[in-house]
Every structure is written in C-alpha cells, then in structure tokens.
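[1] Dropping the sequence and predicted coords here.
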Amino acid sequence: MEQPKKPSSEPTELPTKEGSWLPLVPYKNYWLEVHLAHNTMRVQESFQARPDDTILATSPKCGTTWLKALAFTIVNRSKHSFDEHPLLAQHPQAVVPYIEMPADGRRDLSYIDEIPSPRLLATHLPLSLLPRSIAEQGCRIVYITRDPKDAFISTWHFKNKMHPRSFIGLDDAFDMFCDGFVNYGPCWEHTLEYWKESQARPDGCLFFRYEEMMREPVEHVRKLAAFLGAPFTGEEEDAKLPEQVAKLCSFGNLAGLRVNQTGDFMRKEDMVVEKSTFFRKGKVGDWRNYMDEEKGRKLDRISEEKFKGSGFAY
Ligand code: A3P
C-alpha cells in the first residue's frame, strides 16, 4: 500500500489517503472511511457478543438490504402476518442495525446493547476486523458475496449519489476498485476470509452468492431458515411460507413499496442516502451496461488470481 499522509481534523489522528469519495484509512489490510475506522476500533473494544447473536456480514453493495429483509422476516415469521408486515412500513436497512455504524439520528452505538436477544445484527467488516467476542461466543454468521463486476457498478452508482459533490468517473473509480482502494476493500480478501470460515465452520458460517440467490430465492430462504435454527415445518411448507417470504423480500416487491421509494435513509453535511438508493436495478450482469469487455476481463483476472487454490471462484 502507498504511504498515506496524516490529516489533523480527526480526534485521534489516523493516516489517511485521499482520492476515493471520502478519505480512507489503511487498517489491518483493509481500507475504511475515517469515521468507520474509529468506530471499528471502538467496537473491537466494547462490543459484547451474545451466543445467540446472528451476524449478517456483507461487502457493501452485495445484497445486504436483501439479506436483512430475509433474515428479519424468517426469524419473526410467527409474529407478523404478511399483509401487516413491518417491512411494509420500515426500510429493510432499518430493521437490522450495523454494529459499526450508528443508525441515523444516533450519536453512538450503545443502543445495540439494549436490543433483546436473540439479536440480528449486520456488518460490512471483514472477518478479521470483527470484535473478538463474536468468535468467542461462536455467533452464527451469514455472508453474501457478489460478482465484483456488478458489485463495483453498484458501488459506483451508490457512492456518486451519496456524495454528489465528489463525483468520480467510472475509469478512475474502476482503477481504485481494482487496487482494493474502496471503503471496506479489497473485496476479494473480504470474501476469501468468510469463504474460508464457511469451509472451516459450516454450522457457524453460511456463505451465499447473490447470483445463486437470484436464481433460486425460495431454496435460499429454506437454507437460511434452517441455518438460523428455524426450519420451515411441514405445515409452513404446505402453506407456502418459504415462497411468501421470498416474494415479500423480492426486489420487485420491496423496491415498489412507498416506504422504500420516498424519503432519506440518512442526510448530513453534504452526504445523502435516499431510501430508494438501496434499490437500483437488482440485476445480475448489469455491469455490461457500463463497462467494456476489457474491464470485465480485468476484474475476472484479479478474481481468478486472488481465489486461486481456495476452492472458491466467481
Ligand atoms: P444494484 O445496484 O446492482 O441494483 P446492498 O444492499 O448491499 O447495499 O446492495 C445493493 C444492491 O442490491 C443493489 O444492486 C440493489 O438494487 C440490490 N438489491 C436491493 N434489494 C434487493 C432485493 N430485495 N433483491 C435483490 N437485489 C436487491
């Protein structure tokens, strides 16, 4: 990694590098936005995992919103009917909090400690940066990965919308993504860590791929329910509950809900995240509409190189 320079604006000085949408800090083999690096250090000290916590872990733009909706719906299915479901009134991002990012309007993360068990929690942190208590308590982890070509295009759109005054062109953003210079990047190491964990601890770490979920959503709903210790009963199968969960949480349904179409998820200083920004296209292969074959091949070559010998491939 190139040697970063030191700014003076943060409470504890961290070396940062400019060029991405926000300055990034190199932190134990990953790049994090400055506020996230601070939060990560804080939660590594203070986060108290519980044995019945489930951690939904994703690299950004790989299907977090979808996974939050699915897991929330599955574990709460006895409490809510589908026609009066909380997801008809709340954005999926709001129903499962991140351990390293305070929800909008919150100053710190202390409210996480108040959530009753069993908790569903989310993170974009790589496995090696998770608070140690998560491994110590043997928490369940669910991870989603996505073809980096689509993850990159999704990130590029999202970040440019989020930081309208810091627009980055596709070519520059692509070069930085390839170098792993992106918030929570590089994405390959991120995926590889969770892949290895899922191989070493299959009962503790469930590994999904966005593309396979799109192909067989109902089958993934069943797998997720079983992994979360709440498999569908024969009666629930007869009532087509897995199909109903998949339908409620489908892109087509969630993207069309008023609660997800209007208003802001977060707005501060010159950053804005509209609720609808989490629902762009929800397609596999959309990269082809933005990148040429050469760029696609370059990302494929990097993926091949990074995953060589791991048993994982895109
Ligand atoms: P695109 O930008 O390619 O459309 P994250 O939730 O991790 O931020 O990822 C966002 C990506 O997931 C976006 O991809 C978004 O459209 C897509 N997405 C959001 N909800 C989804 C759903 N219910 N099913 C499938 N894809 C979804």
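    Great, that's in hand.

[2] and the stretch 101-250 of the chain, which residues reach the ligand?
    Neighbours of the ligand within the stretch 101-250 of the chain, by C-beta under 6 Å from any ligand atom: 150, 154, 157, 249-250. C-beta: built from backbone N, CA, C; applies to glycine.

[3] Now the two most distant members of these.
    Maximum pairwise distance among those (C-beta to C-beta): 21.5 Å, between His157 and Cys249.

[4] Looking at the two, which one has more neighbours?
    Taking other C-beta atoms under 10 Å, His157 and Cys249 do not tie; Cys249 has more neighbours (23 against 16).

[5] just checking, that one touches Leu70?
    Yes - shown here, Cys249 and Leu70 form a contact pair, counting by C-beta atoms under 8 Å, at 4.9 Å.

[6] where does Ile74 fall, phi/psi-wise?
    When read as degrees, to the nearest 10, the backbone of Ile74 gives phi -70, psi -50.

[7] which stretches of the stretch 1-150 of the chain form helices?
    Taking DSSP state H, counting those that start in this stretch, the helices of the stretch 1-150 of the chain run over residues 34-46, 64-75, 92-95, 132-136, 148-162.

[8] what element comes up after the last one heading to the C-terminus?
    Sequence-wise, the next helix or strand downstream of helix 148-162 (DSSP states H and E) is helix 170-178.

[9] mind checking how far that next one is from the chain centre?
    Distance, stretch centre to chain centre, for helix 170-178: 20 Å (C-alpha atoms, centre = their mean, to the nearest Å).

[10] buried ones in it?
    Using 16 or more other C-beta atoms under 10 Å as the test for burial, helix 170-178 gives 173-174, 176-178.

[11] Same check on stretch 103-123?
    So, applying 16+ other C-beta under 10 Å, buried residues of stretch 103-123: 109, 112, 119-123.

[12] now, the most widely separated pair of the residues you listed?
    Leu109 and Leu120 (15.4 Å).

[13] which of the buried residues of stretch 103-123 has the weakest pLDDT?
    Note: of these, the lowest pLDDT belongs to Leu109, at 89.

[14] burial measure for the closest residue to that one other than its chain neighbours, as a count.
    Distances taken as C-beta to C-beta, 6 or more residues apart in numbering place Pro102 nearest to Leu109, at 5.4 Å, with adjacent residues excluded. Pro102: 16 surrounding residues under other C-beta under 10 Å.

[15] give the contact list for Pro102.
    39, 108-109 (C-beta atoms under 8 Å, 6 or more residues apart in numbering).

[16] In strands only, show me the buried residues of stretch 103-123.
    Cross-referencing those against strands under DSSP state E gives 120-123.

[17] Show me which of these is closest to the ligand.
    Using C-beta to the nearest ligand atom, Ala122 comes nearest to the ligand of those, at 9.6 Å.

[18] tell me which of the residues of the stretch 101-250 of the chain next to the ligand is nearest to the ligand?
    Of all those, Ser154 has the smallest distance to the ligand: 3.2 Å, by C-beta to the nearest ligand atom.

[19] quick one: low-confidence parts of this structure?
    For the chain, the stretches flagged by pLDDT under 70 are 1-12.
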